[in-house]
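Colleague: Sequence plus predicted model, see below.
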Amino acid sequence: MSYLEDARPAPFKRYCKALPLQADAELLATYRRLHAPGAAWPEITQGMREVGIVDMEIYLAGNQAFMLMDTVPDFDHDQAMQTLATKPRQAEWEALVAPFQQTTADATAAEKWQLLERIYKLGA
């Protein structure tokens, strides 16, 4: 699959993360529905924007989720994740999606989504 992207008008930081999901077809289908366009709660997307996340995409490969998160240039990941955890309905959202994820029920979003190390980049 390919995806046409808009050009970014300004510099940004990109974070790539991974999260293992339960290997269950029904759970994966529900997880997809929860993340379909317009399905995520408005408070969740608003909270992400408020902490400096300008774009986010989640991809699935089997039961492995991969996130691309683009942020403002001065984004402090650890601080932003702590702040995001206090935003309206964030804890409720985390509780909703926790059964789909291979993680503990009390893990924070920052603990669930593991940062990936970039080992190659084409270009400059």
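Modeller: That came in fine, so what should we check first?

Colleague: List the buried residues in the worst-scoring helix or strand of the chain on mean pLDDT.
Modeller: Counting by mean pLDDT, DSSP states H and E, the weakest-scoring helix or strand in the chain turns out to be helix 109-112, with a mean of 86. For helix 109-112, a neighbour-count test (16 or more other C-beta atoms under 10 Å) marks 109-110, 112 as buried. Glycine gets a C-beta too; all of them are placed from N, C-alpha and C.

Colleague: Columns distance to residue 61 on top of those residues, output as JSON lines?
Modeller: Formatted as JSON lines, these follow (distance: C-beta to C-beta, whole Å):
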{"residue": "109", "distance to residue 61": "20"}
{"residue": "110", "distance to residue 61": "22"}
{"residue": "112", "distance to residue 61": "17"}
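
Colleague: so where do the strands sit in the protein?
Modeller: 13-20, 53-61, 64-71, 114-115 (DSSP state E).

Colleague: which helices and strands does the shortest one pack with?
Modeller: If you count contacts as 3 or more C-beta pairs under 8 Å, 6 or more residues apart in numbering; DSSP states H and E, strand 114-115 packs onto strand 13-20.

Colleague: could you redo the last one with a cut-off of 10 Å?
Modeller: strand 13-20, strand 64-71 (3 or more C-beta pairs under 10 Å, 6 or more residues apart in numbering; DSSP states H and E).

Colleague: returning to what we had before: and which of the buried residues of helix 109-112 is nearest residue 77?
Modeller: For residue 77, the nearest member of the buried residues of helix 109-112 is residue 110. The distance, counting by C-beta to C-beta, is 8.1 Å.

Colleague: And stretch 83-90, end to end?
Modeller: 10 Å (C-alpha to C-alpha, to the nearest Å).

Colleague: quick revisit: please identify the most buried of the helices and strands packed on strand 114-115.
Modeller: strand 64-71 (a mean of 17; mean count of other C-beta atoms under 10 Å).

Colleague: contacts for it?
Modeller: Residues from elsewhere that reach strand 64-71 (C-beta atoms under 10 Å, 6 or more residues apart in numbering): 8, 12-21, 23, 28, 31, 35, 48, 51-60, 75, 77, 80, 100-102, 112-116.
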